[in-house]
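Student: I would like to see how this sequence folds:
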Amino acid sequence: MNGFSLAHGVMNSNQTTTHESFWRSRRQVLGCGVLSALLAALAAGCGQTAARTVDKKAAIEVVVTTPITDQVTDSEDFTGRLDGLKTVDVRARVSGFVLSAPFKEGDMVHEGDLLFLIDPLSYKADLNLAAANLKLAKADQNLQEKIANRSRTLIGNGAVAQEDLETSVATAQKSGAQTEAMAATRDRAKLYLDWTRVTAPLSGRISRRLVDPGNLVNADQTILTTIVSDHELYAYFDVNERTYLDLVHPVSPGQSSSLGALNSPVLMQLANETQFVRSGIVNFVDNRVNANTGTIRMRAVFDNADGALRAGLFVRIRLPIGTPYQAVLIPGAALQSDQGRKYVFVVNDKDEVVYRPITPGQEIKTLRVVKQGVAMGDRIIVSGMQRVRQGVQVQVQMQDPPKPPDQPLAKLLGFPQASQAQAAKPTDKVSSAQPDKEARKKPAPTGQPGG
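Tutor: Model prediction:
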């Protein structure tokens with residue numbers, strides 16, 4: 001009995017110890033869970049604070065500027081090639097061996113300068129022979145004229161028959177014709193002798209010699225060298241038919257054409273130049289459009305006083321279309337593109353970003369013409385636009401408006417360019433722009449850069 005009680009007491013003691021261990025472990029687990037939750041909450045709070053701090057720091061400082069207005073001229077650019085006003089292939093007029101070529105290759109030559117000397121000995125002999133034959137013909141002509149005059153005298157006394165008189169007169173006339181034929185042969189021989197001296201037919205720049213001394217040349221076949229007249233040069237270029245129609249028949253009512261007649265101004269740029277600085281005039285327009293290419297050939301003439309230009313150079317031609325007009329210009333860095341659509345970001349009076357679609361025009365150096373979508377007085381973002389999107393509030397840093405670019409076309413057309421661009425002011429009137437209210441209604445396109 002005592003043994004049973006002892007065993008039962010030991011069992012109860014073991015059960016009590018087991019319960020206490022279980023609840024002690026449970027409390028430890030719960031304590032660890034609560035501590036983990038507190039740490040996670042603290043970490044999340046710190047993360048949110050850090051994120052808010054980063055966002056606040058990123059708050060988005062942008063650089064803005066205002067548009068300017070200036071006189072601009074629409075234009076189109078075309079590619080072309082230079083060619084000489086006159087290009088002459090110098091050929092030998094007589095056959096023979098070349099004795100000398102007394103000119104410097106690639107140098108300027110003047111009309112009449114000696115270029116090649118062909119062996120003249122055979123032609124001198126021909127000239128001497130022709131001269132001798134001419135003397136014989138003149139002597140015979142004198143004799144026949146004396147016989148004819150004597151027959152005329154004797155015919156009155158009946159000493160000479162009428163038939164003999166007529167024969168003597170005809171013989172004298174034949175000898176006169178023979179004399180003229182010999183004179184022509186002498187002149188031709190002299191001409192051939194002169195042609196042994198090949199001279200420059202015009203003033204210009206000579207090419208290299210194609211035949212060296214000692215070689216045989218054939219009359220009217222062998223090309224000896226080439227001369228190009230380069231004090232002025234032609235630039236040939238092809239204009240598409242749409243541009244040609246815009247030139248001769250302006251679409252806009254009241255707009256004058258820049259190609260009402262020939263002598264229209266153009267600008268030229270060489271391959272190593274960054275600006276169109278050389279001016280010329282259009283002096284030829286072809287009489288038909290090439291049906292295969294849809295273009296019409298034009299030609300402009302440019303001065304080459306310094307002799308730097310060469311025939312065959314690749315050039316770009318800028319052809320003005322219409323007359324200069326007042327336009328709005330913005331920095332090209334402000335222009336953004338989204339699937340072919342052009343837009344800019346504008347900051348309104350609440351320092352909020354507004355998405356503004358625009359219709360851009362031509363590019364003038366670092367500026368861009370805006371035909372529609374920008375108002376005078378708009379604050380346009382030129383730096384930091386990659387971090388903003390529609391409706392975001394930004395910190396604005398103002399930048400001075402850009403300076404007006406130098407425009408040779410306006411000067412070339414005889415229109416004075418404004419000496420100072422008109423900077424946009426908040427009170428200026430809108431020049432082909434859309435209000436901010438309308439811009440806000442339009443959702444920003446997909447792919448638009450955001451913060």
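Student: distance of Asp119 from Phe78?
Tutor: Counting by C-beta to C-beta, to the nearest Å, the gap from Asp119 to Phe78 is 50 Å. (Glycine included, C-beta is placed from N, CA and C.)
Student: so between these two, which is more surrounded?
Tutor: Phe78 (18 against 15; other C-beta atoms under 10 Å).
Student: nearest spatial neighbour of that one, chain-adjacent residues omitted?
Tutor: Phe237 (4.4 Å; C-beta to C-beta, 6 or more residues apart in numbering).
Student: checking my notes, Leu247 in a helix, right?
Tutor: Yes. Assessed with DSSP: H, G, I helix; E, B strand; the rest coil, Leu247 lies in a helix.
Student: return the helix or strand in the protein with minimum mean pLDDT.
Tutor: In the chain, no helix or strand scores lower on mean pLDDT, DSSP states H and E than helix 436-441, which sits at a mean of 40.
Student: give the burial count for the residue nearest to Phe78, as a bare number.
Tutor: Phe237: 21 neighbours (other C-beta under 10 Å).
Student: so what's it up against?
Tutor: Neighbour list for Phe237: 78-81, 297-300, 315, 317 [criterion: C-beta atoms under 8 Å, 6 or more residues apart in numbering].
Student: one more: Val301?
Tutor: Per C-beta under 8 Å, 6+ apart, neighbours of Val301: 85, 232-235, 280-281, 283.
Student: where along this structure do the helices fall?
Tutor: For the chain, the helices defined by DSSP state H occupy 2-58, 121-154, 162-195, 241-248, 408-412, 436-441.
Student: can you pull the pLDDT of the residue most central in space within the chain?
Tutor: Closest to where the C-alpha atoms of the chain average out (C-alpha atoms, centre = their mean) is Arg316, at 1.8 Å. We have a pLDDT of 96 for Arg316.
Student: go ahead and confirm Leu329 touches Thr65.
Tutor: No. Contact between Leu329 and Thr65 fails when scored by C-beta atoms under 8 Å: they sit 11.0 Å apart.
Student: if we can go back for a sec, any chance of the contacts of Phe237 in a markdown table, with distance to Ile380 too?
Tutor: Formatted as a markdown table, the contacts of Phe237 follow (distance: C-beta to C-beta, whole Å):
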| residue | distance to Ile380 |
| --- | --- |
| Phe78 | 32 |
| Thr79 | 34 |
| Gly80 | 37 |
| Arg81 | 41 |
| Arg297 | 42 |
| Met298 | 38 |
| Arg299 | 42 |
| Ala300 | 38 |
| Val315 | 36 |
| Ile317 | 33 |
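Student: partners of the residue nearest to Phe78 in the sheet?
Tutor: With DSSP bridges applied, Phe237 shows beta-bridge pairing to Gly80, Met298.
Student: any weak-confidence spans in this protein?
Tutor: Within the chain, the segments meeting pLDDT under 70 span 1-59, 250-262, 408, 410-451.
Student: the residue nearest to Phe78 and Glu111, how far apart?
Tutor: 30 Å.
Student: and what of Ala159?
Tutor: Applying C-beta to C-beta, the value for Ala159 to Glu111 is 64 Å.
Student: which stretches of the stretch 201-350 of the chain form strands?
Tutor: For the stretch 201-350 of the chain, applying DSSP state E, counting those that start in this stretch gives strands covering 204-206, 216-217, 223-240, 264-270, 278-285, 295-303, 314-320, 325-331, 336-338, 341-347.
Student: dump the residue contacts of the residue lying closest to Asp140 once chain neighbours are set aside.
Tutor: Excluding the flanking residues, the one nearest Asp140 by C-beta to C-beta, 6+ apart is Ser175, at 4.8 Å. Neighbouring residues of Ser175 by C-beta under 8 Å, 6+ apart: 137, 140-141, 143-145.
Student: now with 10 Å?
Tutor: Contact analysis of Ser175 by C-beta atoms under 10 Å, 6 or more residues apart in numbering lists 137-145, 147-148.
Student: ok, so of those, who is nearest Arg288?
Tutor: Ala137 (57.2 Å; C-beta to C-beta).
Student: for Leu193, see how far away the closest one is.
Tutor: Ala137 sits at a distance of 20 Å from Leu193 (criterion: C-beta to C-beta).
Student: cool, Glu145 as well?
Tutor: Remark: distance between Glu145 and Leu193 (C-beta to C-beta) = 31 Å.
Student: which one's more surrounded, these two?
Tutor: When neighbours are counted by other C-beta under 10 Å, Glu145 and Leu193 differ, and Leu193 comes out ahead with 20 against 17.
Student: now do the same contact list for the closest residue to the more buried one other than its chain neighbours.
Tutor: Nearest residue to Leu193, sequence neighbours excluded (C-beta to C-beta, 6+ apart): Tyr123, at 4.2 Å. Tyr123 sits next to 94-96, 189-196 when contact means C-beta under 10 Å, 6+ apart.
Student: thinking again about what came up before, count of neighbours near the residue nearest to the residue nearest to the centre of the chain when sequence neighbours are not counted?
Tutor: Closest residue to Arg316 apart from its sequence neighbours, by C-beta to C-beta, 6+ apart: Gln269 at 4.5 Å. Using other C-beta under 10 Å, Gln269 has 16 other residues around it.
Student: which residues does Gln269 contact?
Tutor: Contacts of Gln269 (C-beta under 10 Å, 6+ apart): 77, 275-278, 315-318.
Student: buried among those residues? Make that a PyMOL selection.
Tutor: If you want just the buried ones from the contacts of Gln269 in PyMOL, going by 16 or more other C-beta atoms under 10 Å, the selection is:
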select buried, resi 276+278+315+316+317+318
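Student: okay, the contacts of Gln269 in a markdown table with distance to Val248 next?
Tutor: Below are the contacts of Gln269 laid out as a markdown table (distance: C-beta to C-beta, whole Å):
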| residue | distance to Val248 |
| --- | --- |
| Asp77 | 19 |
| Gln275 | 28 |
| Phe276 | 22 |
| Val277 | 27 |
| Arg278 | 24 |
| Val315 | 23 |
| Arg316 | 22 |
| Ile317 | 17 |
| Arg318 | 18 |
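Student: residues near Tyr76, how many?
Tutor: Actually, residue 76 is Glu. It isn't Tyr. Glu76 - counted by other C-beta under 10 Å - has 16 other residues nearby.
Student: same thing with Gln326?
Tutor: As a burial measure, Gln326 scores 11 neighbours (other C-beta under 10 Å).
Student: partner residues bridging it?
Tutor: According to DSSP bridges, beta-bridge pairing links Gln326 with Gln71.
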